[in-house]
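Student: From the sequence below, what's the structure:
(one chain, ligands or ions: 1)
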Amino acid sequence: MGETILQLQDVSIFQKESLVLNKVDLEIKKGEFVYLIGKTGSGKSSFMKTLYGDLPLRKGAGSIVGFDLKTLREKDIPYLRRKLGIVFQDFKLLPDRNIKNNLQFVLKATGWKDQAKMDKQIENVLDKVGMKTKGFKFPHELSGGEQQRIAIARALLNDPELILADEPTGNLDPQTSVEVMKVMQDINKSGRTILMATHDYALILKYPSKTLKCDGNKVFEVVQRAV
Ligand SMILES: Nc1ncnc2c1ncn2[C@@H]1O[C@H](COP(=O)(O)OP(=O)(O)OP(=O)(O)O)[C@@H](O)[C@H]1O
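Tutor: Numbering: from 1, shown residues only. Coordinates of the predicted model:
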């Protein structure tokens with residue numbers, strides 16, 4: 001496999017003064033699907049936040065989609081986020097507008113101006129998550145699984161190089177989780193790199209892939225065995 005999308009060298013991650021993760025070394029290459037597991041409080045969210053510039057990198061070296069995390073300035077963060085697609089457990093859709101306007105809001109905020117191009121891109125991403133007919137609905141009119149598909153569509157709007165998904169199935173029932181996971185798999189098969197934090201071991205068994213574990217202030221790769 002080719003290009004490195006994410007590389008961390010001797011990284012330590014802190015929340016205030018407490019050390020959450022220590023001496024993290026890792027590399028993710030274009031096209032990989034990587035899980036991040038670990039029990040509550042082990043540092044998965046802190047790790048993700050460091051990657052999208054929400055938690056400054058204080059120690060070690062890191063680069064992500066061409067940005068140097070160590071020298072990242074406040075004003076670089078919107079540009080970094082345009083090259084990342086971020087998906088959260090709680091969807092974070094804007095409740096006061098319909099799906100199309102939720103997506104349009106993001107496009108406008110990231111510099112898109114041409115209405116016809118925006119319409120086309122919205123249709124394109126909704127199609128990718130199987131929600132093409134739902135653009136006129138409001139978030140509260142959709143199920144949890146549908147809302148998460150929209151959140152994934154939103155993450156795809158700017159054709160990101162890397163998708164960071166923090167417990168994307170955490171609020172979904174097992175069957176809906178599998179449906180959302182299928183969408184993630186399809187997106188990965190179309191060439192996008194995905195890092196997904198999860199607690200859901202059933203999903204990992206069903207869709208085995210490279211797995212990193214946060215435990216005891218460390219991040220290490222775990223080897224999966226068939227069961
Ligand atoms: N904003 C914060 N300020 C101070 N400490 C924090 C903050 N956020 C998290 N922590 C601490 O950092 C550690 C790692 O938390 P983090 O949220 O990264 O874990 P996690 O593995 O994502 O857990 P969960 O699965 O419950 O989301 C915990 O000890 C937590 O209490």
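
Student: Show me what the biggest helix by length in the chain is in contact with.
Tutor: Residue-count comparison of every helix in the chain, with assignments taken from DSSP state H, identifies helix 174-189 as the longest. Taking contacts as Cβ atoms under 8 Å, 6 or more residues apart in numbering, the residues outside helix 174-189 that touch it are 31, 33, 128-130, 143-145, 148-149, 152, 156, 163, 165, 168-169, 172, 194, 196, 200, 202-203, 206-207. All C-beta atoms are positioned from the backbone trio N, CA, C, and that covers glycine.

Student: Can you list the buried residues in that helix?
Tutor: Residues 176, 177, 178, 179, 180, 181, 183, 184, 187, 188 are the ones in helix 174-189 that count as buried (16 or more other Cβ atoms under 10 Å).

Student: element containing the nearest residue to the fifth one once chain neighbours are set aside, please.
Tutor: In this case it means residue 180. On the basis of Cβ to Cβ, 6 or more residues apart in numbering, the spatially nearest residue to residue 180 that is not a chain neighbour turns out to be residue 148, at 5.1 Å. Using DSSP states H and E, residue 148 falls within helix 144-156.

Student: re earlier: okay, and which of the contacts of helix 174-189 map to strands?
Tutor: Secondary structure defined by DSSP state E assigns 33, 163, 165, 194, 196 of those to strands.

Student: Now that we have these, can you turn them into CSV and tack on neighbour count and distance to the ligand?
Tutor: Shown next, in CSV, are the ones in strands among the contacts of helix 174-189 (neighbours: other Cβ atoms under 10 Å; distance: Cβ to the nearest ligand atom, whole Å):
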residue, neighbour count, distance to the ligand
33, 21, 19
163, 22, 17
165, 26, 13
194, 23, 17
196, 27, 13
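
Student: Out of those, flag the one nearest to residue 121.
Tutor: Looking at those and their distance to residue 121, the nearest is residue 163, at 16.4 Å (Cβ to Cβ).
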